[in-house]
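> sequence and predicted structure below; questions after.
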Amino acid sequence: MATSGSGRGGTGTVTIADVARHAGVAVSTVSYVLSGKRTISATTRQRVLNSVRKLGYHPHAGARSLASNRANVIALVLPLRSGMHLPVLMQFATAVVTSARTYDHDVLLVTADEGPAGLRRIAASALVDGLILMDVEMDDIRVPLLRGLERPSVLIGFPADPAGLTCVDLDFYRAGAACVDHLASLGHREVALLGAPAVVYERHTGFALRTRDGFGAAATEHGVTAVTQPCEETFDGVREAIGDLLARHPRLTGLVVHNEAAVGHVLTALRAHGRRVPDDVSVVAICPDELAERSTPPLTSVLIPAEDVGRQAVALLMNKIDGGTVPEATLLDPRLTLRASAAHPPAHPRRPAAGHKRIAAATTGDRGA
């Protein structure tokens, strides 16, 4: 079986047979020492390992996988699409890579948006032991294939019908509701959700729609007037969206932000429209803690637990690879952290200055959207 190595004195390729001859043992004994599949005496094991080191033998990855029926690699399928916030996605990817290493697995990052054909190609190649998929849509075209795919898989996110799948994510429905619950408890009666870019909603991305649904349901429950609006990631896009919200809803006093790329622009845009946080408008964000903490003022927020989600996704996948039983749905409870950006609403909310030019912008819904 061909292997890669430096050869004796760097003159050729070292094989497992070379190691066996040098150590004075059978080829199968070398294989057992390297794979750990059988117990070998300490003396023989050490002799084999000494020969491995002296000859510079390196088992070929393909040979290892044939011996164990494992590639020791998992695929992270993360199609890079418009409207996605790369820094947060990389937090998920880092968590998956770090967790996989604790199981002695590497990660193959797949960023092309190939749909079912890409999954079929990866699974058929025997390059990976399983797959983790991100950016899950409500009617995700990859789902029917996953239900019948030979390789085990885990989704970070939930489609509309998760039956027969293994899914893990933050409970975004409850996260959206928790933001409204907090604002309503402070006395806010008119609130808005400044959401993801429009293209994210158009793709029916699960986390965005579930946040919007939870936000709307909680607003209805509290009798709070609510509006939802997508928002682009640039400062001009944020300023335009906020200007339009304030023009259409002059008594708006609470703002929920679910757009990580826009979080840094929201406070500046509010100041540009003459609104102080939290004196005039309270702001609650769904974002990583470090993003909320470095804002001025620091933002009350629901954490996006990328590390926990990534770690659990890997643990679930490894359990499935080993033939274990796992729950179909794992939803992480939202954690709201109070900071300085949310307070009781002003007694008399500010109205737009005279002559304010209304900025047209599309919305995704109205009260209880």
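Cool, the structure landed. Numbering: from 1, shown residues only.

> hey, let's count contacts and neighbours off CA atoms from now on
Noted.

> in stretch 334-350, what's buried?
Pro334, Arg335, Leu336, Ala340, Ser341, Ala342, Ala343, His344, Pro345, Pro346, Arg350 (16 or more other Cα atoms under 10 Å).

> next: stretch 193-211.
193-201, 204-211.

> Val48: what's it in contact with?
Residues in contact with Val48 (Cα atoms under 8 Å, 6 or more residues apart in numbering) are Val19, Ala20, Ala23, Val30, Val33.

> can you pull the pLDDT of the second one?
pLDDT, Ala20: 90.

> with the third one instead?
Ala23 carries a pLDDT value of 93.

> hmm, it is touching Arg47, no?
Yes - the criterion here is Cα atoms under 8 Å, and Ala23 meets it with Arg47 at 5.9 Å.

> tally of neighbours for Arg212?
28 (other Cα atoms under 10 Å).

> so it touches Ala192, yeah?
No - using Cα under 8 Å, Arg212 makes no contact with Ala192, being 10.3 Å away.

> show me where the stretch 151-300 of the chain has helices.
Along the stretch 151-300 of the chain, counting by DSSP state H, counting those that start in this stretch, helices occupy 172-186, 198-202, 206-222, 235-248, 260-272, 289-293.

> check the gap between Thr29 and Ala23 for me.
10 Å (Cα to Cα, to the nearest Å).

> identify the contacts common to the two.
Counting by Cα under 8 Å, 6+ apart, nothing touches both Thr29 and Ala23.

> got the contact list for the residue most central in space within the chain?
Taking Cα atoms, centre = their mean as the criterion, Phe92 is the residue nearest the geometric centre of the chain, at 4.4 Å. By Cα under 8 Å, 6+ apart, the contact set of Phe92 is Ala306, Glu307, Val309, Gly310.

> after the strand or helix carrying it comes which helix or strand?
Assigned by DSSP states H and E, Phe92 falls within helix 86-102. Going down the chain from helix 86-102, the next helix or strand is strand 106-110, by DSSP H and E.

> tell me the strands beside that next one, with direction?
Pairing partners of strand 106-110, with direction, according to DSSP bridges: strand 73-77 (parallel).

> send me the strand it pairs with as CSV with only the CA atoms.
Listed next in CSV are the C-alpha coordinates belonging to strand 73-77 (Å, rounded to 0.1, in the frame of the first residue of the first chain):
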residue,chain,number,x,y,z
VAL,A,73,-12.9,14.7,8.3
ILE,A,74,-16.3,16.4,8.5
ALA,A,75,-17.7,18.9,6.0
LEU,A,76,-19.0,22.3,7.1
VAL,A,77,-21.3,23.3,4.3
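
> related to what we said a few turns ago, mind putting the contacts of Phe92 in a markdown table, secondary structure included?
A markdown table is the format used below for the contacts of Phe92 (DSSP: H, G, I helix; E, B strand; the rest coil):
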| residue | secondary structure |
| --- | --- |
| Ala306 | helix |
| Glu307 | helix |
| Val309 | helix |
| Gly310 | helix |
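
> just curious, which of these is nearest to Thr43?
Using Cα to Cα, Gly310 is the member of the contacts of Phe92 that lies nearest Thr43, at 41.9 Å.

> isn't that closest one right next to Ala100, touching?
No - in this structure, Gly310 is not within contact of Ala100 by Cα under 8 Å, at 9.5 Å.

> so Gln312 makes contact with Val168?
Yes - here Gln312 lies in contact with Val168, judged by Cα under 8 Å, at a distance of 7.4 Å.

> ok so, going back, any shared contact partners between Arg212 and Ala192?
Common neighbours of Arg212 and Ala192 (Cα under 8 Å, 6+ apart) are Thr228.

> quick revisit: and the residue nearest to the centre of the chain, how far from Ala313?
Taken as Cα to Cα, the span from Phe92 to Ala313 is 10 Å.
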